[in-house]
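[1] here is a sequence with its predicted model. Questions after.
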Amino acid sequence: MSDYRRAFVPGGCWFFTVNLLDRRKALLIDQIGILRKAVAATRQSYPFAINAFVVLPEHLHAVWTLPPGDSGFSMRWRLIKTRFAKALPSTERLSAVRAARNERSIWQRRFWEHLIRDEADYARHVAYCYYNPVKHGHVSRVCDWPYSSFHRDVRAGLFPEDWGGDSNVVGDFGERE
């Protein structure tokens, strides 16, 4: 993808998909405390609003809004990934390329992002985040997945607790089938 270009809109809102390199591992939920600390430390240094966030065993989805005048989402993901990786013991096997670059074999190098276009696009991507654990068969109801900002939004009155019980959210959101 040598001609791929990211959209950088200061103060924009984006949907992200970020994957582990080894999609067979459950590292993200096994080490959820470390991931939460990495996100919190990054937000302390470089603020952003978390509109939605869901962590699955091997990937995560998020909807973020950056401060006005700021479009540095790539730097924020780099910091989150680096902080998470540095907090884990180094036990994974490294490829020659990763060893030469002094990289860990935890995360896929890239991530997928989508600039949110309007309110309907925003609502669709937040819903996709929250429904994703059901889609992947981890739970049968959205409210049963503990690693999601859905619970925060229920407490705030934005969603009923039984939301998504019988729905089916479809769309191309950067995941492989």
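    Nice, I can see it. Numbers count the residues shown, from 1 in each chain.

[2] alpha carbons only for contacts and neighbour counts from here, please
    Fine.

[3] isn't R23 up against E58?
    Yes. Contact criterion C-alpha atoms under 8 Å: R23 and E58 qualify, at 5.3 Å.

[4] have a look at these two and say which one is more surrounded.
    Neighbour comparison, R23 and E58: the larger count goes to E58, with 19 against 14 (by other C-alpha atoms under 10 Å).

[5] OK, contacts around the more buried one?
    The neighbours of E58, taking C-alpha atoms under 8 Å, 6 or more residues apart in numbering as the test, are 19-20, 22-28.

[6] for the helix of greatest length in the chain, C-alpha coordinates in CSV please.
    Counting residues, the longest helix found in the chain (DSSP state H) is helix 119-135. Output of helix 119-135 as CSV, limited to C-alpha atoms (Å, rounded to 0.1, in the frame of the first residue of the first chain):
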residue,chain,number,x,y,z
GLU,A,119,-23.7,11.9,13.0
ALA,A,120,-25.0,8.8,11.3
ASP,A,121,-21.5,7.6,10.6
TYR,A,122,-20.6,8.3,14.2
ALA,A,123,-23.6,6.3,15.6
ARG,A,124,-22.9,3.4,13.2
HIS,A,125,-19.2,3.1,14.4
VAL,A,126,-20.0,3.4,18.1
ALA,A,127,-22.6,0.7,17.6
TYR,A,128,-20.1,-1.4,15.8
CYS,A,129,-17.7,-1.1,18.7
TYR,A,130,-20.2,-2.1,21.2
TYR,A,131,-21.7,-5.0,19.2
ASN,A,132,-18.3,-6.5,18.2
PRO,A,133,-17.9,-8.9,21.2
VAL,A,134,-21.3,-10.4,20.2
LYS,A,135,-20.3,-10.5,16.5
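
[7] which elements pack onto the next helix or strand after it?
    Sequence order places helix 150-155 as the next helix or strand after helix 119-135, per DSSP states H and E. Applying 3 or more C-alpha pairs under 8 Å, 6 or more residues apart in numbering; DSSP states H and E, one finds that helix 150-155 makes contact with strand 49-55.
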